[in-house]
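>>> Dropping the sequence and predicted coords here.
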Amino acid sequence: MLRYLALKTGRALFVVWAAFTLTFVLLFVLPADPVDLLFDPAEVNTVPPEVREQVAASYGFDRPLILQYLARLGHALSGDFGTSVQSGRPVVATILDVLPSTLLLAAGALALALVIAFVIALAATSARRAWLRDLLEALPSGAVSVPVFLSGILMLQIFSFRLGWFPAFGDTGARSLVLPLITLAIPVSGPIAQLLVRSFATEFRSGYVTTSWAKGATRGGIIVRDVFRNAGLPALTIAGITFGNLIAGSVITETVFARQGVGRMTQAAINTLDVPLVQGTVVLVAAGFALINLIVDLIYPLLDPRLRAALAAG
Amino acid sequence: MSDLRTAIERATPRRKRWPWVAAAVAVLLVAGGGFALTRGDASTGRSATAGAPVRGGTLQFALIDYQRSPDPQWGTNYAESLIGNNITDKLTWQDPDTGEITPWLAESWEYNKDLTEFTFHLRKDVTFSDGSPFDSEVVKANFDQYVHGDEKLGINPNGAILLPGYIETLTPDRYTAVVRFEKPLASFLQASSFTANAQPGFLSLSTLKLSAEERTDPKKVIGTGPFVYESWQPQVKTVLVRRKGYNWAPPALKHKGEAYLDRIVFNTIPEASVRTGSLTSGAIDATLDVGTTDEKPLAEQGFKIIYRGVSGTSIFFNLNSQLFPTDDIAVRRAIQLGWDREAVRKTVLTDSYSVATSVLAPSVPGYVDYSGTVLRYDPEKAGRLLDEAGWKEGPDGIRVKDGKKLVVKLLGISNLVANKPAYESIQQDLKKIGIDLRLTVVPIPDYTALLTKAKTDWNIVAANRSRNDPAVLNLQYGPALGNGSYVTKDSPGIDVDEVTRTLGALELTLDPATRKQYAKAAQDLLLDKYALVNPVYNPSQVIAHADYVHGIIFDAQSRNHFVDTWKSNGK
């Protein structure tokens, strides 16, 4: 059991370190020189060389690559990710400024996506008419096909500009969360709903359900008592993919709804080659991925008795 | 996929049609909804007659960009310079119509014959919002840090490019400041009024002592301007409140006392349709960054469209004079003559923009109109010039000389919405006279990366430079400075010293008549004699606002000042 734990944790740490190193390499392999991007492009050719050197030195861009990498890695291990090249604020502070907003959006969207997915799966399984069932099963594909910016803008046009029910931009409490949550939840719910519909259907056909039928259980009783728990487990496996969908979708949602967030900040940081800020964000996302997968790996034995037995034996 | 019972009851599964029907219904819903929503209803705005200014109210303003830091001397993007203009003041104010330099924080000034020493006599009644006085010590401290930076505090030399050759600022008495330079810098007078990127707005002595990180607390950034910071939320909004006791707006504006508005909220809205939707629904009062296709619908709904052309150079094609084939002057002239200005004006631009008639924008003093001479559409003459230079038409319509095809590679920026369509229109026209123009129009970071190799890789660099002074031509094209057309001794047929002399003359005098002469000589050289530039169009800053908003000012660099702005409803 301990070996299982150590292995999973070690793998998580490796992922985070690899993300850190890869970002560093990529940002320097790109053709743009980070020092050039600190100046107005119209004036970059007129910058006197002493000014350029002064600016490069103050950010440490003039030292050899390997030394820059080791210095950054060393600081990162102690929690110091440097200062943002664009604003001069520490990276950690800049990310912590916008993180709560994104976490709120992501957590809310995930919860709503789960609800939507379960409702679709339950409805599809309980439906007695074939045409209704088929229609519901087609919905997850539809949900993933609608681009986030299109659905977001359409909802804004209807609910914000025409009806005036919700604010169109900014962050003024619960009301400004509603539209972004719905927009982000729709594509995220797609894969989860698809998976749940399939696993519900599989479980419905399995042997223990037939036994329950034979014992006289109602359709509703079977769904709630037997199928629910068993079918829900595979959804945990795609938690990592879901997290990725949330991050990707949050960039566009935050742009359309003009919200503060990690997604938008990362996009701006990449555009301006703000190396410390990009690294900080990538490490954060990689750590998030690794943590979620680690938690899922650790929870599985608790939820599935078969795995518990296998681990105890092995 | 049916449960056991019904599977037994049914023999054949049938389901394949439903996903298609569901998709079709969804597509129809989305298309129908979108169609219905974009039918704009002609809503009438409240008719508000401009009368006497009303005090009070909050202006909700929207723009596409956001401030990355509240420090106005550092800010290089549009939002940063726009907001910086309303919390700091400059020594002088440039008249947006005539280009003349008029008093602001400096009541009067003199300069020596060599244009290396500028003496400013400051107003005596100016104070910062923390009560500290504005005097020559403040000017000295600001300029010193602005040009040299401060490594310990993490402040960059933000002003080194605007004030090249700065030596020091002397303070002979409390309200006199003498700024000294190593070499003649006629453009310094305009630079003292500069309101665009990394502007020389004055910060209090207490602000200058703060590090870059400490200046991210907006309450600590103290200026003399008509507004002060209330809050700054990165990526979301910046809020300014009125400065009590402000009484030194530029005399040219004829505005007495404080600003009329109580507050201004600058909202960052990255999505164009959300900006216009917020304006039409009344969530905001005015917005910048209006797209060309939005102008007409907004005007029809009763909103006011105001604009000003960006002052400086037009959007130009800088022709690389030492790279084949643009090292041949016949090719350069053919590019100037080979495209239809009317087509671009009708299909790409709106009334807020204009086709370029010189490398300078019309609002820059010294601008000369070349639309009748070298900057017109004359494909026959262009074809003749190429024929005479030995460029024969090849089998695919592209001209060939000595076995090499006439391929011209262009590097441009995709930041302005009219750029790509305008370049594509030129590409089509040039193809008809046998020039193969290849476009690479990319976002700013990619552009900056490729620009470093422009001398050897790109025949044309397409960009512009914002600076309302004819000396911008020297900054942009002077062989020792920007050298936009890469004029070197390897450029055939070009006298490098002549170029340096003609363009450099713009820094040597402030006499308006002489300056005009030198500006004409510079434009003649760049456009006619050596055909180093092909100007395309003049970009504009466009604002759409509700009809109850009045008094938004565009300054000489097309930035906005809100000291004179008021709302009819005073809310």
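Right, received. Where do you want to start?

>>> quick one: B:Arg123 from chain A, how far?
Distance, B:Arg123 to chain A, using Cβ to the nearest Cβ, to the nearest Å: 31 Å. For every residue, glycine as well, the C-beta is placed using N, CA and C.

>>> what's around the residue of the stretch 401-550 of chain B found nearest chain A, how many residues?
Using Cβ to the nearest Cβ, the single residue of the stretch 401-550 of chain B nearest to chain A is B:Ala449, 3.4 Å away. The number of residues packed near B:Ala449 is 17, by other Cβ atoms under 10 Å in any protein chain shown.

>>> any idea how far B:Thr440 is from it?
12 Å (Cβ to Cβ, to the nearest Å).

>>> Give me the pLDDT value at the residue of the stretch 101-250 of chain B found nearest chain A.
The minimum distance from the stretch 101-250 of chain B to chain A, using Cβ to the nearest Cβ, falls at B:Ala212 (3.2 Å). What the model reports as pLDDT for B:Ala212 is 86.

>>> Contacts only, for it.
Each residue near B:Ala212 by Cβ atoms under 8 Å, 6 or more residues apart in numbering or on different chains is listed here: A:Ser87, A:Gly88, B:Ser69, B:Asp71, B:Trp74, B:Leu153, B:Gly154, B:Ile155.

>>> Name the nearest residue to it, sequence neighbours excluded.
A:Gly88 (3.2 Å; Cβ to Cβ, 6 or more residues apart in numbering or on different chains).

>>> Could you do A:Val146 as well?
Distances taken as Cβ to Cβ, 6+ apart place A:Ile186 nearest to A:Val146, at 6.6 Å, with adjacent residues excluded.

>>> those helices in the stretch 351-500 of chain B, which residues are they?
B:379-388, B:419-432, B:444-451, B:454-457, B:472-477, B:496-504 (DSSP state H, counting those that start in this stretch).

>>> Can you give me the buried ones in stretch B:376-386?
Buried positions in stretch B:376-386, judged by neighbour count with 16 or more other Cβ atoms under 10 Å in any protein chain shown: B:Tyr377, B:Pro379, B:Ala382, B:Gly383, B:Leu385, B:Leu386.

>>> Below-threshold pLDDT in chain B: ranges please.
B:1-3, B:6-19, B:33-50 (pLDDT under 70).

>>> thinking again about what came up before, of the helices of the stretch 351-500 of chain B, which is nearest B:Ala286?
helix B:419-432 (25.0 Å; Cβ to Cβ).

>>> What helices and strands are in contact with that closest one?
Applying 3 or more Cβ pairs under 8 Å, 6 or more residues apart in numbering or on different chains; DSSP states H and E, one finds that helix B:419-432 contacts helix B:341-347, strand B:407-413, strand B:436-442, strand B:533-538.

>>> Just list whatever residues bridge to B:Val441.
B:Gly412 (DSSP bridges).

>>> correct me, but A:Ser160 touches B:Ser281?
Yes. Contact criterion Cβ atoms under 8 Å: A:Ser160 and B:Ser281 qualify, at 7.1 Å.

>>> So for the two, which residue has more residues nearby?
Set A:Ser160 next to B:Ser281 and count neighbours by other Cβ under 10 Å: A:Ser160 wins out with 23 against 17.

>>> Let me see the contact set for that one.
With contact set as Cβ under 8 Å, 6+ apart, A:Ser160 has these partners: A:Phe166, A:Pro167, A:Ala168, A:Leu179, B:Gly277, B:Ser281.

>>> out of those residues, who has the most neighbours?
Going by other Cβ under 10 Å, A:Ala168 tops the contacts of A:Ser160 with 26 neighbours.

>>> Quick check: chain neighbours aside, which residue is closest to it?
A:Ser160 (4.4 Å).

>>> Next: B:Thr500.
B:Pro479 (5.2 Å).

>>> For that neighbour, give me its contacts.
Contacts of B:Pro479 by Cβ under 8 Å, 6+ apart are B:Val487, B:Thr488, B:Val496, B:Val499, B:Thr500.
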